[in-house]
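Pasting the sequence and the predicted coordinates here, then a few questions.
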Amino acid sequence: MEKTERSYEDSPAPPPLPGPPTIISSRKGSLVNRYPVQHRSVSMATQGLWDRLFDEGYRADVAINTDSGTIIYGHSSLLGIASPVFKCMLKQSRSEGNQRSISIRGVPFEAVRVFIRFLYSSCYEQEEMQEYVLHLLVLSHVFVVPQLKRECEWQLEQGLLTIENVVDIFQLALLCDAPRLSLISHRLILKSFKDACATDGWRVMKWSHPVLEKELLESVIEADARQKERMRKLNERKIYLQLYEAMEALVHICRDGCRTIGPHDKVFIEDQTPCSYQACKGLESLIRHFARCKLRVPGGCVHCKRMWQLLELHSCLCADSDMCRVPLCRNFKQKRRKQNKKDEMKWRILVRKILRTKSISGAPFFSLASA
């Protein structure tokens with residue numbers, strides 16, 4: 001699973017949340033536009049009035065029943081404007097005198113109180129957000145309050161999303177139609193799959209949603225396969241670049257000479273500057289061995305076999321064998337004309353892959369037309 005973890009380090013960041021960016025004040029979680037437009041920011045005094053209206057319930061005409069038996073009082077006009085779901089509930093609710101009664105069940109009383117307060121003043125306490133963020137996410141989805149829903153997603157992204165709760169939040173994001181949050185949760189599960197599997201949330205999901213568990217396991221397998229394929233291509237590209245650098249170094253040694261090795265008419269100068277071709281040092285040792293080896297026939301020596309292959313590869317890349325100073329270049333050109341089509345096609349494919357790999361990194365020394 002370590003490979004799977006590495007595969008998501010370089011993954012691109014999810015798209016930004018819709019709507020204007022917001023910031024959170026240090027004491028209260030008051031939503032304020034980062035870029036004030038036409039002086040739309042609301043003063044703290046006005047927010048304080050809205051909070052007082054909620055806390056004191058002045059002329060409240062709605063009673064909201066909770067699971068704990070505690071009643072939260074509100075104003076039908078404000079709740080109906082803030083949420084279309086509340087508007088429908090209030091129309092269908094029974095009125096007792098001048099007061100209507102509705103119920104919000106399945107969530108703690110404190111979460112309901114934080115939710116209703118947000119509808120009044122768009123404020124919350126950071127401690128309450130941290131404790132009830134999942135309940136608030138559900139309430140904002142059920143009652144269609146997009147501003148609070150985006151804020152819950154943002155809070156989860158900024159640190160409330162952990163390995164311990166990522167499985168629960170992933171399921172909740174799917175149910176609450178929060179694609180960005182589900183994507184981030186899914187990536188975290190894949191990145192720390194081993195730890196996520198050891199959580200209580202995974203064990204509960206395994207029992208209650210076996211289909212979802214199967215889909216997650218399949219996504220892990222697919223991610224691992226993609227990582228292996230990516231590593232295979234990277235290794236291939238590395239080999240092709242090394243072969244190309246060896247071809248450049250071979251031409252450099254045979255044409256210009258390098259340090260203590262080169263053509264017979266080369267006059268070597270002491271204290272030469274370091275060679276710019278990285279493959280020269282290894283290729284120089286290979287050429288010296290090739291010149292001295294008594295088993296130089298193809299297949300007789302592993303090092304010599306490697307040198308034969310490099311010389312033949314050069315002949316496939318070389319565009320002008322008559323002017324080339326690399327040994328046996330013309331001989332291999334003539335030999336290729338007598339090769340069967342299968343062997344010739346293998347060399348052509350190798351040459352094209354080498355040149356295409358180099359063209360991605362920079363301008364190639366050899367041309368594709370020569371292949």
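Here it is on my side, so go on.

Backbone dihedrals for the residue with the largest distance to the centre of the chain, please?
Within the chain, the residue lying farthest from the chain centre (Cα atoms, centre = their mean) is G97, at 57.7 Å. Per-residue torsions, G97: phi 70, psi -120 (degrees, to the nearest 10).

Over to E125?
Dihedral angles (degrees, to the nearest 10) for E125: phi -90, psi 140.

Now for it, how many residues are close by?
Using other Cβ atoms under 10 Å, E125 has 13 other residues around it. Any C-beta I mention is one placed from the backbone N, CA and C, and that applies to glycine too.

can you pull the pLDDT of it?
On pLDDT, E125 comes in at 91.

What distance do you get for it to G57?
From E125 over to G57 the distance is 19 Å, taken as Cβ to Cβ, to the nearest Å.

try L295
L295 is 99 Å from G57, by Cβ to Cβ.

Could you do W202 as well?
When W202 is compared with G57 (using Cβ to Cβ), they lie 43 Å apart.

more neighbours, L295 and G57?
Between L295 and G57, counted using other Cβ under 10 Å, the more crowded position is G57 (16 against 11).

ok, how many other residues are close to the residue lying closest to that one once chain neighbours are set aside?
Distance criterion Cβ to Cβ, 6 or more residues apart in numbering; nearest residue to G57, sequence neighbours excluded, is Y73 at 3.7 Å. By the criterion of other Cβ under 10 Å, Y73 has 17 neighbours.

where does A198 fall, phi/psi-wise?
phi -90, psi 0.

In terms of pLDDT, where does it sit?
pLDDT, read off for A198, is 91.

which residues sit in contact with it?
Shown in contact with A198 (Cβ atoms under 8 Å, 6 or more residues apart in numbering): no residues.

How much space separates it from L78?
Taking Cβ to Cβ, one finds A198 at 46 Å from L78.

K191 too?
43 Å.

Could you report the neighbour count for I354?
25.

so what's the closest residue in space to it that isn't next to it in sequence up against?
Among residues not flanking I354 along the chain, Y240 sits closest, at 4.7 Å (Cβ to Cβ, 6+ apart). By Cβ under 8 Å, 6+ apart, Y240 lies in contact with K353, I354, T357, K358.
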